[in-house]
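J.: I need the structure of the sequence given here:
(chains A and B)
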Amino acid sequence: DAKTTQPTSMDCAEGRAANLPCNHSTISGNEYVYWYRQIHSQGPQYIIHGLKNNETNEMASLIITEDRKSSTLILPHATLRDTAVYYCIVRTRNTGNQFYFGTGTSLTVIP
Amino acid sequence: DGGITQSPKYLFRKEGQNVTLSCEQNLNHDAMYWYRQDPGQGLRLIYYSQIVNDFQKGDIAEGYSVSREKKESFPLTVTSAQKNPTAFYLCASSIRGAVDTQYFGPGTRLTVL
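T.: Numbers count the residues shown, from 1 in each chain, chains lettered A, B, ... in the order given. Model prediction:
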């Protein structure tokens, strides 16, 4: 699976959009981009995933660049409850269904 | 309610004792997984099972054992051979086949005294 690079930490003002970047320059054509988040001492929560098109759901939007080498998770109106560690993961179907979680981005939403 | 349950939330054991962590799901998912998380670090895969009566080692299987006798259940035993068992343990499940999203349980924090 391709390696991802994320900033260690970010701050965002409450009510503003939080834009979390992820670099995955070695991604291959059959690898999907997944985003999860983990609030302290809880299990990771699935947010969104995509292959090459931009995706949106009730939680967030995922913007993938045309060359697929990077992506951005957008939380449109951040709240204090969005404070968490956000993980960007790329994976194929052919890796024993494993998800490789790195250390992610610690997002702090500031009142 | 559908979901994944792990019990207990907190578990304490003495060094040298085996301990079994419970993971149950009622999502009718084929695949189940066990991860370990240490403070300030990402998740590491211990074992996974894609179907009943079958499982494979992940990256850090040494000192752990699992069974998959029922689709709904995937218990993890932390044996005395595991040198650093104190950690946060997470169970997940997914539908096998399509590009599957893994859904996680709330976790069990194991402390070995």
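
J.: only C-alpha atoms for contact and neighbour calcs from this point on.
T.: OK.

J.: residues of chain B that sit close to chain A?
T.: Counting by CA under 8 Å from any CA of the partner chain, chain B comes close to chain A at B:40-45, B:90, B:98-107.

J.: recalculate using a threshold of 10 Å.
T.: B:9, B:31-33, B:35, B:37, B:39-45, B:47-50, B:56, B:58, B:88-92, B:94-109 (CA under 10 Å from any CA of the partner chain).

J.: buried ones only from these, please, as a PyMOL command.
T.: If you want just the buried ones from the residues of chain B next to chain A in PyMOL, going by 16 or more other CA atoms under 10 Å in any protein chain shown, the selection is:
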select buried, chain B and resi 9+31+32+33+35+37+42+43+44+45+47+48+49+50+58+88+89+90+91+92+94+95+96+99+101+102+103+104+105+106+107+108+109
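
J.: which of the residues of chain B next to chain A fall within strands?
T.: B:31-33, B:35, B:37, B:43-45, B:47-50, B:56, B:88-92, B:94, B:103-104, B:108-109 (DSSP state E).

J.: low-confidence stretches in the chain?
T.: Answering for chain A, as no chain was given. A:1-2, A:93-98 (pLDDT under 70).

J.: sorry, I should have been clearer: chain B.
T.: By pLDDT under 70, the low-scoring segments of chain B are B:1-2, B:97-99.

J.: for chain A, what lies in contact range of chain B?
T.: Where chain A comes near chain B, counting by CA under 10 Å from any CA, the residues are A:31-32, A:34, A:36, A:41-49, A:85, A:87, A:91-94, A:96-104.

J.: hmm, try it at 7 Å
T.: A:42-46, A:93, A:101-103 (CA under 7 Å from any CA of the partner chain).

J.: just want the most central residue of chain B.
T.: With distances taken as CA atoms, centre = their mean, chain B has residue B:34 as the residue nearest its mean C-alpha position (3.0 Å).

J.: need the contact list for that one.
T.: B:45-48, B:90-92 (CA atoms under 7 Å, 6 or more residues apart in numbering or on different chains).

J.: list the beta-bridge partners for it.
T.: residue B:47, residue B:91 (DSSP bridges).

J.: now do residue B:103
T.: Bridge pairing for residue B:103 - DSSP bridges - gives residue B:93.

J.: also residue A:19?
T.: Here residue A:19, judged by DSSP bridges, has bridge partners residue A:74.

J.: touching, it and residue A:76? I think so.
T.: No - applying CA atoms under 7 Å, one finds residue A:19 not in contact with residue A:76, separated by 8.4 Å.

J.: looking at the two, which one has more neighbours?
T.: A count of neighbours by other CA atoms under 10 Å in any protein chain shown puts residue A:19 above the other of residue A:19 and residue A:76, at 20 against 14.

J.: what about the more buried one, distance to residue A:25?
T.: Distance, residue A:19 to residue A:25, using CA to CA, to the nearest Å: 19 Å.

J.: for residue A:110, same thing?
T.: Taken as CA to CA, the span from residue A:110 to residue A:25 is 31 Å.

J.: cool, and residue B:63?
T.: Distance of residue B:63 to residue A:25, computed by CA to CA: 35 Å.

J.: also residue B:105?
T.: Residue B:105 is 31 Å from residue A:25, by CA to CA.

J.: go on, residue B:74?
T.: 36 Å.

J.: what does residue A:59 give?
T.: The value you get for residue A:59 to residue A:25, if CA to CA is used, is 26 Å.
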